[in-house]
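>>> Quick check, what structure comes out for this input:
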Amino acid sequence: MFDYNDYDEGSRMKKPTKQLQGFQGLTVYPELFIDLKEGEITAIEFTVYLVIDSLNGKDGCYASNAYLAEQCNFSERSIREYIRILKKKGYLIEEKAKHCMSGRILRTYYRELDKIEKRKKLKNGKKKV
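Numbering: from 1, shown residues only. This is a model prediction of the structure:
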């Protein structure tokens, strides 16, 4: 049965029923989009990157392969493979972390590059004052 309460007011879109835990929002860096257009990264790798990046908080992404697989609707084996490929291509940085269940922290290249650029601008700005 059709229920108007399932839809946002004035929209044909259904109200979201699920929400990513820890989801920070999506940032699509122009360089990443260009890499996608030029075939440097596949659409599936792009999707995995964006999910990891959206969960990449101040200290990185602590999500397990199981959680990432659930969010991307892929198998854990596929997630492991895409993470391996993204690391090899330089899009992901992996660090060991004993304090989290996954045993690792994933950081996305463009977000880390963005942080470095912001730090440089802050440093340069402080020197001029």
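
>>> Could I get the buried residue list for the longest helix seen in the chain?
When the chain is parsed with DSSP state H, its longest helix is helix 109-128. Neighbour counts over helix 109-128 (16 or more other CB atoms under 10 Å) mark 109-111 as buried. Where C-beta positions appear, they are placed from N, C-alpha and C, glycine not excepted.

>>> got it, and stretch 29-43?
29, 32, 35-36, 41.

>>> In JSON lines: the buried residues of helix 109-128, plus distance to Lys88.
Compiled in JSON lines, these are given as follows (distance: CB to CB, whole Å):
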{"residue": "Tyr109", "distance to Lys88": "12"}
{"residue": "Tyr110", "distance to Lys88": "16"}
{"residue": "Arg111", "distance to Lys88": "19"}
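
>>> Of those residues, which is the nearest to Arg119?
Among the buried residues of helix 109-128, Arg111 lies closest to Arg119 (CB to CB), at 12.9 Å.

>>> roughly how far apart are the closest one and Leu26?
11 Å (CB to CB, to the nearest Å).

>>> before we move on, what about Ser102?
22 Å.

>>> between these two, who's got more neighbours?
The residue with more neighbours, out of Ser102 and Leu26, is Ser102; 15 against 9, by other CB atoms under 10 Å.

>>> Contacts for the longest helix of the chain next, please.
With contacts defined as CB atoms under 8 Å, 6 or more residues apart in numbering, helix 109-128 is touched by 27, 29, 31-32, 53, 56, 90-93.

>>> Widest-spaced pair of these?
Once CB to CB is applied, those give Thr27 and Gly90 as the farthest pair, at 17.9 Å.

>>> Those two - which one has more neighbours?
Neighbour count, other CB under 10 Å: between Thr27 and Gly90, Thr27 has more, with 14 against 8.
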